[in-house]
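S.K.: Any chance you could fold what I've pasted below:
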Amino acid sequence: MGQDKALLPWRGLAFLEAHIDALKMHTDFVLVVAGKNARTLEPMIDARAAFLAVNPHPERGQFSSLQVGVQAVLNRGRDAAIITLVDRPPAQPDTIDYLRQAFEQALSGIWAVVPEYSGQHGHPIVVGREMITAFLQAPSTGNAREVEHACQQHIAYVTVNDPLTVANINTPEDYKRITQ
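M.R.: Residues are numbered from 1 along each chain as shown. Next up, the predicted model:
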């Protein structure tokens, strides 16, 4: 993209700001994991009363940031989290609420709720302590998809009517498509 995707404009805000605002309605605190861009993002995070966790090894990739984030969630005494990626637009607030409710009402043995739109799995995902533990026990060279597949019997895939859950922004053309 040629720039930090967290800072891409989205409905009058940056993706990061829009995510924080969307999540604040559904959780008691929002935690942003940043790497090399932490100093750039910190004023935006502070202005929205969110918290910053810094990945000391961002060169290890996205999964290492996930591990830093879920460890910070546990360190703050929480046993569940709503996880999303900041390099894409946020899901609609009703979708986030629906996913959270689905997780809260899930049967025993469900560790995570993942949105599904048009046959694709997306974000945000809602995870409990068991899934957090699975993420933390995985090798840092792994990825979330591998952990998800290994734990598939403990995941509820919930159909949503929100194309933003599967929007992925990798090119300027992708970004242009979702902003038109």
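S.K.: hey, where'd the helices end up in the chain?
M.R.: Assigned by DSSP state H, the helices in the chain fall at 15-24, 38-47, 62-75, 93-104, 129-137, 144-150, 172-179.
S.K.: Of those helices, give the one that comes closest to residue 30.
M.R.: The closest of the helices of the chain to residue 30 is helix 15-24. By Cβ to Cβ, the value is 4.8 Å. C-betas here are computed from N, CA, C, even on glycine.
S.K.: just checking, what packs against the closest one?
M.R.: helix 38-47, helix 93-104 (3 or more Cβ pairs under 8 Å, 6 or more residues apart in numbering; DSSP states H and E).
S.K.: Surely residue 23 touches residue 32?
M.R.: No - under the criterion of Cβ atoms under 8 Å, residue 23 is not in contact with residue 32, lying 9.7 Å apart.
S.K.: what's the least confident helix or strand in the chain, going by average pLDDT?
M.R.: Among the secondary structure pieces of the chain, namely its helices and strands, helix 172-179 has the lowest mean (mean pLDDT, DSSP states H and E), a mean of 88.
S.K.: ok, residues contacting it?
M.R.: Contacting residues not belonging to helix 172-179 are listed as 1, 2, 8, 9, 10, 89, 164, 167, 168, 169 [Cβ atoms under 8 Å, 6 or more residues apart in numbering].
S.K.: can you rerun that using 6 Å?
M.R.: Helix 172-179 is contacted from outside by 167, 169, using Cβ atoms under 6 Å, 6 or more residues apart in numbering.
S.K.: Return the set of buried residues in that helix.
M.R.: For helix 172-179, a neighbour-count test (16 or more other Cβ atoms under 10 Å) marks residue 175 as buried.
S.K.: okay, residue 1: pLDDT?
M.R.: As summarised for this prediction, residue 1 has a pLDDT of 65.
S.K.: same deal with residue 168?
M.R.: Per-residue confidence at residue 168 stands at 87 (pLDDT).
S.K.: what are the phi and psi values for it?
M.R.: Here is the backbone geometry of residue 168 (degrees, to the nearest 10): phi -130, psi 130.
S.K.: Run a quick neighbour tally on it.
M.R.: Neighbourhood size, residue 168 [other Cβ atoms under 10 Å]: 14.
S.K.: which ones are touching the residue nearest to residue 168 when sequence neighbours are not counted?
M.R.: By the measure of Cβ to Cβ, 6 or more residues apart in numbering, the closest residue to residue 168 outside its immediate chain neighbours is residue 88, 5.9 Å from it. With contacts defined as Cβ under 6 Å, 6+ apart, the neighbours of residue 88 are 167, 168, 169.
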